[in-house]
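Student: Any chance you could fold what I've pasted below:
(one chain, ligands or ions: 2)
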Amino acid sequence: MKLGVAQKIIEEHLVKGRLIPGEEIGLKIDQTLTQDATGTMVYLQFESMGLSSVATELSVSYVDHNTIQDGYENADDHQYLQSVAAKYGILFSRAGNGICHQVHLERFAAPGKSLLGSDSHTPTCGGIGMLAIGAGGIDVTLALAGSPFFMECPKIVRIVLHNRLPPFSSAKDVILTVLGILTTKGNTGMVVEYGGDGLSGLSVPERATITNMGAELGVTTSIFPSDRVTLAFLKAQGRAQAWREILPDAGAQYARVIDIDLATVVPMVAKPHSPDNVCPVKDINGLAVDQVTIGSCTNSSYTDLMCVANLLTGRRVHPRVSLVIAPGSRQVFRMLAENGALAAMVTAGARILEPVCGFCIGNCHAPCTEGVSLRTTNRNFKGRSGTPSASVYLVSPETAAVAAIRGVVTDPREAGFDDPAIACPAIAVPTAFVIDDSMVLNPPPPAERDAVTIVRGPNIGTPLQLEPLADFLAGVVAIKVGDKITTDDIMPAGRRLKYRSNIPKYADFVFEPIDATFSRRCLEYKQKGMDAIIVGGESYGQGSSREHAAICPRYLGIKAVLARSFERIHFANLVNYGIVPLVLASHADYEVLQPGDVLEISGLLDSVRQAESIVVSNKTRGMTLVGKLNLSNRQRDILLAGGVLRYARGTDDR
Ligand code: MIC
Ligand code: SF4
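Tutor: Ligands and ions are numbered 1, 2, ... in the order given. Here you go, the predicted structure:
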């Protein structure tokens, strides 16, 4: 059988199931990555499994999200993560070493390997020809323990890139163009594989920008072949030995083929409040800008920031604009410092942030009230920046830098900066990066790990204890939400992020951006002995992988979510935490359901065991509706067991 790149790597890692799209498959996981905001739960759960060491080839615990430290909480998390990494044989990338995806791409990613990360942008490493998948934390816990990762065998969509990008059009504009075609919904169960003659002109960092923001499509991952360009990057990172060539077979079959002529890609922007709300930058030329932020795992590579530095050299940031730049890694930061680019940025008036997620997750640098913020990040969901009234526009580094100088949105081709050599595609990847892994701590040898004490400050809580599924569910519709509800809507990050290790406290903020009384209401139902239910529209649970969007609702007593459709990672997280996800069979059923309705489901055990759908009776309206159980057999067993940890432990008191 002729195979594409993704299928080749899937086949090599297949431990359960067959290479047939739609079937559930189990994959061997070679590498894992975690970041601090999801990592504490991953490792607390790993500890509860009673194993002495991780079973993966390589696992890295990064600290990059929660570095604000406006209290003891983040620092407690960092200490816990450092000690737990030493105890179980995990590499620990200290705060300040960089954003997990950027550092992993530079120092650990390898073509042909599989990577599971507790962060939705894990597919960044698909840029190097790796099968890199984002998942909920508990799935990463299980991978650390040596279990396969289960997912739907994907359909492969091939995007054929032709020709070369013109000056001032960049990789970001390519992925924004793709988002305009495929949008953020309806793409679950798909992998995007890039090919075509255009690949030879796209460096690994550019490819990684494209695979990174592929997360916004809602696909399982995105991947590039591993070719001579990949080898050049690995050589420059001193890691040529990690290279192997992985090209698609001629005649490989794809579910869909999309052609994009890179020569026609123009500077693009995603307007508020969705990454697929795209249009050419020139359509919003002249819009006054208050803030520009450059960085995040999408656009913080050396080449990206060199392009920004070149544009800023000899120019000044417009007086209205606050320009913030966060390098993606310590490697990038140091190289910019050593070659003078950092000085050019500072001279121009940029504010420099340490190499962390920072503004991307709304952790700092929130825009002003009703501010216009141009960002090189990947998500512009309403309120994610930390300012609910702000309008966030997603753009390339070129477009961002030009706007910072001009004070208004300007198509970079029309900015009058007439030297096309300063545009990103013209900046070459260095032949030798500065290599210094001293902020990645190696665990002690196995014999010495017994002596390691895990440090638990007061911020370190305990994992949620669940019970097996009950046969009868009576619950109140605690909230009804619309389409494209993101996990940022369900479980806000930003200033609430520091409570990630403390479930009861973090649960106070479930649905805070939409309805701040949700949590209190659920606790009242709980006190009355009633369960609660969420009703959602299309594409429920878009965006981040944060399993807290399932854990905290479950803590509040949510037992089922009825939605028109679900996004992949969130659907898995709901199942993993024993919340029944039911797909509403018709839009009319969605329309009828209202907050406060009391719903009853009986015979839940039998239905979850084998049925395709289940009847839900709406006691308040005296009618019934049908909820579809789109579950694999394994997911059915997980729900019956009361969550994936109980299932994995074989805790069977059903
Ligand atoms: C994000 O970009 O939303 C995050 C923060 O990186 C999340 C992970 C998290 O919520 O901790 C993600 O993308 O998965
Ligand atoms: Fe960090 Fe933003 Fe990337 Fe998430 S999307 S990993 S918050 S930089």
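
Student: Tell me the residues of the stretch 151-300 of the chain that contact ligand 2?
Tutor: With C-beta under 6 Å from any ligand atom as the criterion, the stretch 151-300 of the chain meets ligand 2 at residues Ser296, Cys297. The way it works is simple: take the backbone N, C-alpha and C, and place the C-beta from them, glycine included.

Student: Identify the residue of the stretch 151-300 of the chain closest to ligand 2, quick one.
Tutor: In the stretch 151-300 of the chain, the residue found nearest to ligand 2 is Cys297; the distance is 3.4 Å by C-beta to the nearest ligand atom.

Student: hang on, that residue in a helix?
Tutor: No: checked against DSSP: H, G, I helix; E, B strand; the rest coil, Cys297 lies outside a helix; its state is coil.

Student: Run a quick check on it versus Asn378, I expect a contact.
Tutor: Yes: if you go by C-beta atoms under 8 Å, Cys297 and Asn378 touch, sitting 7.5 Å apart.

Student: higher neighbour count, those two?
Tutor: Taking neighbours as other C-beta atoms under 10 Å, Cys297 and Asn378 compare with Cys297 leading, 31 against 26.

Student: Overlap of the contact sets of Cys297 and Asn378?
Tutor: His121, Asn212, Cys360 (C-beta atoms under 8 Å, 6 or more residues apart in numbering).

Student: Pull out the buried members of those residues.
Tutor: Buried members of the shared contacts of Cys297 and Asn378, scored by 16 or more other C-beta atoms under 10 Å, are His121, Asn212, Cys360.

Student: Within reach of ligand 1, which of those are there?
Tutor: The residues of those that also fall near ligand 1, by C-beta under 6 Å from any ligand atom, are His121.

Student: Out of the buried ones among the shared contacts of Cys297 and Asn378, which is nearest to Asp515?
Tutor: Nearest to Asp515 among these is Cys360, at 25.1 Å by C-beta to C-beta.

Student: Can you read off the backbone torsions of the closest one?
Tutor: With angles defined as degrees, to the nearest 10, Cys360 sits at phi -60, psi -30.

Student: again, but for the one 10 residues further on
Tutor: Reported as degrees, to the nearest 10, the phi and psi values for Glu370 are phi 60, psi 20.

Student: Please name the nearest non-neighbouring residue to it.
Tutor: Among residues not flanking Glu370 along the chain, Ser389 sits closest, at 4.7 Å (C-beta to C-beta, 6 or more residues apart in numbering).

Student: Can you get me a residue count around that neighbour?
Tutor: 11.

Student: How about the one 5 residues further on?
Tutor: Using other C-beta under 10 Å as the criterion, Leu394 is surrounded by 32 other residues.

Student: ditto for Ala255
Tutor: Residues contacting Ala255 under the criterion other C-beta under 10 Å number 13.

Student: do the one 5 residues further on as well
Tutor: Other residues near Ile260 number 19, with proximity taken as other C-beta under 10 Å.

Student: Quick check: it is in a strand.
Tutor: Yes: using three-state DSSP, the assignment for Ile260 is a strand.

Student: Tell me the buried residues in stretch 596-615?
Tutor: Asp597, Leu599, Ile601, Leu604, Leu605, Ser607, Val608, Ile614.

Student: Of the shared contacts of Cys297 and Asn378, which is the nearest to ligand 1?
Tutor: Distances from ligand 1 to the shared contacts of Cys297 and Asn378, taken as C-beta to the nearest ligand atom, are shortest for His121 (5.4 Å).

Student: Need the pLDDT of that closest one.
Tutor: pLDDT recorded at His121 is 98.

Student: contacting residues around it?
Tutor: The neighbours of His121, taking C-beta under 8 Å, 6+ apart as the test, are His101, Gly134, Asn212, Ala215, Cys297, Thr298, Asn378.

Student: any low-confidence regions in the stretch 301-450 of the chain?
Tutor: Residue ranges of the stretch 301-450 of the chain with pLDDT under 70: 420.

Student: if we can go back for a sec, would you quantify the distance from the residue of the stretch 151-300 of the chain closest to ligand 2 to ligand 1?
Tutor: To ligand 1, Cys297 is 8 Å away according to C-beta to the nearest ligand atom, to the nearest Å.

Student: Equivalent analysis for Ser53, please.
Tutor: In terms of C-beta to the nearest ligand atom, Ser53 sits 25 Å off from ligand 1.

Student: which non-adjacent residue is nearest that residue?
Tutor: Gly89 (4.7 Å).

Student: cool, and Ile454?
Tutor: Using C-beta to C-beta, 6+ apart, the closest residue to Ile454 is Ser83 (4.7 Å).

Student: Am I right that the one you found is in a strand?
Tutor: No: read with three-state DSSP, Ser83 is helix and lies in no strand.

Student: contacting residues for it?
Tutor: Val452, Thr453, Ile454, Val455.

Student: ok so, going back, tell me the one among the buried ones among the shared contacts of Cys297 and Asn378 nearest to Leu582.
Tutor: Nearest member of those to Leu582, counting by C-beta to C-beta, is His121, at 28.7 Å.

Student: Look up how far Cys297 lies from that closest one.
Tutor: The gap separating His121 from Cys297 is 5 Å, by C-beta to C-beta, to the nearest Å.

Student: shared neighbours of the two, anything?
Tutor: In contact with both His121 and Cys297: His101, Asn212, Asn378, using C-beta under 8 Å, 6+ apart.
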